[in-house]
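In: Here is the input, now give the coordinates:
(chains A, B, C and D)
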Protein chains: 2
Amino acid sequence: MNIGQAAKNSGVNAKLIRHYESIGIIPKASRSDSGYRIYSEADVHILSFVKRARGLGFSMKEIKKLVGLWRNRSRASSEVKAMALAHVHTLEIKISELEEMAKTLRYLARNCHGDTRPDCPILENLADQ
Amino acid sequence: MNIGQAAKNSGVNAKLIRHYESIGIIPKASRSDSGYRIYSEADVHILSFVKRARGLGFSMKEIKKLVGLWRNRSRASSEVKAMALAHVHTLEIKISELEEMAKTLRYLARNCHGDTRPDCPILENLADQ
DNA sequence: TCTTGACCTTCCAACAGTTGGAAGGTTTAC
DNA sequence: GTAAACCTTCCAACTGTTGGAAGGTCAAGA
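Out: Below you'll find the model as predicted:
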């Protein structure tokens, strides 16, 4: 199938498929006589894998590694599990940072009357610390 | 003071200060005869403001607006409060997305024995859905 | 056969925010 | 006079995705 069909079947944009190929996330597609990329069901499967890994927030670097592990039938599950748990840790750090921001902003907003008056604890907090 | 001193005093990298100036976040600094940027305490104050707003996760676009509001003494506090609450909402959405990722990964990792055996529910989940 | 439209190709640029380097001028101190 | 620590501008990299431009290919209908 052509790239458009592979895009539809995998849910990955055609532009993005080319990009993934260019940075080595997915193997180089074979070509037709006229130079069109040709994809198999297995290729679509890889693309879906990549899309789902992205959905879990893995970086492209991590995904490249995950695809390698996935295609290597003799890999140890411990390696994958370690990556997953490391990523969970990264997510948890990010979450707590965002929580902290939201908490601070909620507190500041609660103390801001939010009317036509100019005095505003939010700006004051940003300015004087 | 020169840019290096302003960087130290505000906690904002000199490179970043130039960048902020170039994209209009902060006003253009005046120059010495030899072309060096000159900063006042007030300028450092703005830089600290920007740094703190970044720390709360505001985008540069939002910060540009916040700096404008801060420097306009007659603005209504309602406008600032609305921005803060809109940003809290954005943060909350981001947080729940990350929570969802972490939850899924924790579940998958829990079911992966993580030893030398190759079978791995994490990769299987990414592959077959 | 010719044309139209939908597909495909590559290359180049933009987004946000920051950091790095290169190549060169200025100031300060010894 | 020279060395180092500063400053200048410009250009590029990072991450991941999207957009456009300019051009080739394929299938269907007139």
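In: ok, and does the helix or strand containing residue A:51 reach over to DNA strand C?
Out: Element membership for residue A:51, per DSSP states H and E: helix A:41-55. No - Helix A:41-55 stays clear of DNA strand C (Cβ under 7 Å from any atom of the strand), getting no nearer than 12.2 Å. Just so you know, the C-beta spots here come from the backbone N, C-alpha and C atoms, and that holds for glycine as well.
In: Residue A:108 touches residue A:127, doesn't it?
Out: No - with contacts counted by Cβ atoms under 8 Å, residue A:108 stays clear of residue A:127, the gap being 12.0 Å.
In: any idea how far stretch A:16-26 is from the chain center?
Out: 14 Å (Cα atoms, centre = their mean, to the nearest Å).
In: from memory residue A:116 sits against residue B:75, does it?
Out: No - using Cβ under 8 Å, residue A:116 is not in contact with residue B:75, being 9.5 Å away.
In: who has more neighbours, these two?
Out: Using other Cβ atoms under 10 Å in any protein chain shown as the criterion, residue A:116 and residue B:75 rank with residue B:75 on top: 17 against 11.
In: right, and that one touches residue A:118 too?
Out: Yes - contact status for residue B:75 versus residue A:118: in contact at 5.8 Å, counting by Cβ under 8 Å.
In: The helix holding residue A:51 - contacts with which helices or strands?
Out: Other helices and strands packing on helix A:41-55, by 3 or more Cβ pairs under 8 Å, 6 or more residues apart in numbering or on different chains; DSSP states H and E, are helix A:3-10, helix A:14-22, helix A:60-71, helix B:121-127.
In: Redo the ones you listed as a markdown table? Include distance to DNA strand D, mean neighbour count and mean pLDDT.
Out: A markdown table is the format used below for these (distance: least, Cβ to the nearest atom of the strand, whole Å; neighbours: other Cβ atoms under 10 Å in any protein chain shown; pLDDT from 0 to 100):
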| stretch | distance to DNA strand D | mean neighbour count | mean pLDDT |
| --- | --- | --- | --- |
| helix A:3-10 | 10 | 17 | 95 |
| helix A:14-22 | 4 | 16 | 95 |
| helix A:60-71 | 3 | 17 | 93 |
| helix B:121-127 | 15 | 20 | 88 |
